[in-house]
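Q: Predicted model follows, preceded by the sequence.
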Amino acid sequence: MEKRHAFSVSPNWANSSLLSSSLSPPRSSSPMNNDEEGNETLQNDISEDDLSPTLFRYLGELNPSLRNSHLQTIMNIIQGHLKNPDDNPDGVNFIKENLGIMVRLSTECPYGEVRREFSKLVPQIEEILNVQAPKEVPSPSYFVVKQKIVDIEPKSEFVYDLFKVIFMDTGRVSHLDRILAWHPTFLEKSYSTYRLVMLTARAGPLPLHMRNYIAILSCAQFRCRTLLRLQEEEFRRNYGDVTWLSGLSSAPKKIQNLAELIALLSYQPWLISKNHIAQLVKGSDAWSMGELVQAMVIITSFKMLCSVSWSCGVSPEVDLTDGRVRDEEFEVKPKRQKFKEGKSDETEKILEALKQRKGLQGDGEEDENQRKLLFESAGGSSEENLFNLISSRSEQDFGHYLGGFNIAHVDFDLKSKEYSVFRVQDYSWKEHGFSLLSQFYPDAAPLLDEQFDTIYTLTYNTLVDIDDVDTSPFRKAVWYYVQRIYGLFNDDYDYKNVNQYLSKSIKPFIKRVCCDACTITKTHWHVEIGIDFTPEEKCHVALLAAEAAKQAGLLYGLHAVMKYML
């Protein structure tokens, strides 16, 4: 049995909703037919005249016999283009333009027969066309060696089935997918949500290409080039107007109007008011309430994905590199940490606190003023006020998508006269946000709820290399610390525990994850986090923080919708 890592219960693999529905893909690629739900599906026959990247999507076929037939047809088509390259400029251009995809398929396709065929094909192309193929990316993460990351053909049958479904749907198993596969229970829930929100045509009022464009704008806010490139690719494949990709100013006014909401949801969601909602749902370029709520789900979902991608040092796949990736950017071997032999002091402190947890839960007798003071102190110290240094981030490669809203995180001001603390007892996810989302986006609400519940409860009962550890106090401290950063106050939580279980070294890392993850470096990952976590555990911390921030953003957005509707 494979060793499990970090803080996770054994997944209920036999009852996986995603895998049970995997034979009904939400959408594949052209040439297309429409299924009964209006989603696009692949035709059975490959056209020899197909000179588009979607040709390779046939390799996602789950049926081995059909997949091998498609593979041989694709090989024959490419070999045909190589026979007389001087007389076949269109075929040669197609091969050159998609050589990166072929390199990726030679190393990162979940099917061994596909990898073998493309591994033989790529050198032939280089020799015949006198070109140099893009170099394989050394690892799915800049921070973690390849050997520690889930293999493209993993031993776990559950994870392997997940990879096959993802490859069928999207034509790739992304490096982010492989990082998240450290926690397969969460990956299954997260991808189920993504599949509905971004790939299922009839789930929500927004057309697929508009969903992709909203995702592009969100990725630009977080400077996440890899996810942005993937969404640009999907935008083209969903027949979006390519002129929009020159910048937000080329998109319809309706989408331009969304730019401020995207920026606020990304960095300062407490500033969103019913007036922002009114401006968007009125006038000639108005959004329907259903469209706007769906857009909020997309924005907050990509905030989470970008945050985790940056936090775990996720590298682009070879066909997305643009020649920007250099070997020296990768962590070839673990960086020596600045700790004495054995466990670090910070690790020992957390382990000891968890052992003594029964005496640290508080007696529940604090008065209102004491609870407010504890809530305020949970926000941290001067070491965490990092973000004045990064308020003027570079707009290079992203400015054309920002619409002039190049803002950054600003700490929530508990004494502000413009906004106030958000009391979860007055508007919570379970009792209020879920209900409102169910009204306007009923398919997404239960999936998001499952995703929140999964990451909140995910535990292996281990910490570092110690077994049988109840990590719930630590996990809850991460969750409520992040929501404290966003001004959310929960009467049922004892905020003394935040500073009890989260050290001064790990709190800045958590804050970076949820507030400005693009500033996270190898040093933060290897050294400044301060605790001897495994890579899987660091990823788990990032997921907790990113999902807590995602829920906070959704609550602010949905609360503003509710206020407008009153």
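A: Alright, I've got the coordinates.

Q: switch to C-alpha atoms for all contacts and neighbour counts from now on
A: Fine.

Q: how about the strands in this protein?
A: 32-34, 40-42, 422-423, 462-463, 466-467, 488-489 (DSSP state E).

Q: weakest of these in terms of mean pLDDT?
A: The weakest mean pLDDT among these belongs to strand 32-34, with a mean of 46.

Q: pLDDT score assigned to Ser16?
A: Note on Ser16: pLDDT of 48.

Q: do you know how far Leu248 is from Gln256?
A: Between Leu248 and Gln256 the computed distance is 6 Å (CA to CA, to the nearest Å).

Q: These two: which is more packed in?
A: Using other CA atoms under 10 Å, the more surrounded residue of Leu248 and Gln256 is Leu248, with 22 against 18.

Q: Identify the residues contacting the more buried one.
A: Counting by CA atoms under 8 Å, 6 or more residues apart in numbering, Leu248 touches 255-256, 400-403.

Q: Pass me the low-pLDDT residue ranges in the stretch 201-350 of the chain, would you?
A: 322-343 (pLDDT under 70).

Q: all helices for it, in order.
A: 208-221, 225-237, 253-256, 259-267, 274-281, 289-311, 345-355 (DSSP state H, counting those that start in this stretch).

Q: which secondary structure elements does the lengthiest helix in the chain contact?
A: If you go by DSSP state H, the chain has its longest helix at helix 535-565. On a contact count with 3 or more CA pairs under 8 Å, 6 or more residues apart in numbering; DSSP states H and E, helix 535-565 meets helix 259-267, helix 274-281, helix 289-311, helix 434-440, helix 444-457, helix 472-485, helix 506-515.

Q: Report the rounded mean pLDDT for that helix.
A: 98.

Q: now that helix, how far from the chain's geometric center?
A: Relative to its chain's centre, helix 535-565 lies at 12 Å (CA atoms, centre = their mean, to the nearest Å).

Q: Name the residues of it that are buried.
A: By neighbour count on 16 or more other CA atoms under 10 Å, the buried set for helix 535-565 is 535-561.

Q: what angle separates that helix from helix 259-267?
A: Angle of helix 535-565 versus helix 259-267, following axes from the mean of the first three to the mean of the last three CA atoms, to 10 degrees, is 140 degrees.

Q: ok, the residue of the chain most remote from its centre to Met75 distance?
A: The C-alpha centroid of the chain is most remote from Asp87, which lies 44.1 Å away (CA atoms, centre = their mean). The gap separating Asp87 from Met75 is 19 Å, by CA to CA.

Q: what does Pro138 give?
A: In this structure, Pro138 and Met75 are 26 Å apart, going by CA to CA.

Q: These two: who's more crowded?
A: Between Pro138 and Met75, Pro138 has the larger neighbour count (other CA under 10 Å), namely 20 against 14.

Q: And for Asp86, the neighbour number?
A: Using other CA under 10 Å, Asp86 has 11 neighbouring residues.

Q: and it, what pLDDT?
A: Asp86 carries a pLDDT value of 89.

Q: How about Gly362?
A: 51.

Q: got it, and Asp532?
A: pLDDT for Asp532: 89.

Q: That one reaches Val464, doesn't it?
A: Yes. Proximity of Asp532 to Val464 meets the contact threshold set by CA atoms under 8 Å, at 6.4 Å.

Q: Between those two, which has more neighbouring residues?
A: Higher neighbour count among Asp532 and Val464: Asp532, with 22 against 19, using other CA under 10 Å.

Q: Okay, that one and Ile350: tell me how far apart.
A: Per CA to CA, Asp532 is found 11 Å from Ile350.

Q: Check His175 too.
A: Distance of His175 to Ile350, given as CA to CA: 31 Å.

Q: Neighbour count: those two, which is higher?
A: Higher neighbour count among His175 and Ile350: His175, with 23 against 19, using other CA under 10 Å.

Q: show me what contacts Leu448?
A: Applying CA under 8 Å, 6+ apart to Leu448 gives the contacts Thr193.

Q: so where's the stretch 351-500 of the chain uncertain?
A: 358-367, 380-396.

Q: The same query, at a cut-off of 90, please.
A: Along the stretch 351-500 of the chain, the model assigns pLDDT under 90 to residues 351-399, 404, 406-409, 464-466.

Q: before we move on, the earlier item: adding distance to Tyr194, write the helices of the stretch 201-350 of the chain out as JSON lines.
A: Converted to JSON lines, the helices of the stretch 201-350 of the chain look like this (distance: least, CA to CA, whole Å):
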{"stretch": "helix 208-221", "distance to Tyr194": "11"}
{"stretch": "helix 225-237", "distance to Tyr194": "12"}
{"stretch": "helix 253-256", "distance to Tyr194": "21"}
{"stretch": "helix 259-267", "distance to Tyr194": "18"}
{"stretch": "helix 274-281", "distance to Tyr194": "25"}
{"stretch": "helix 289-311", "distance to Tyr194": "8"}
{"stretch": "helix 345-355", "distance to Tyr194": "34"}
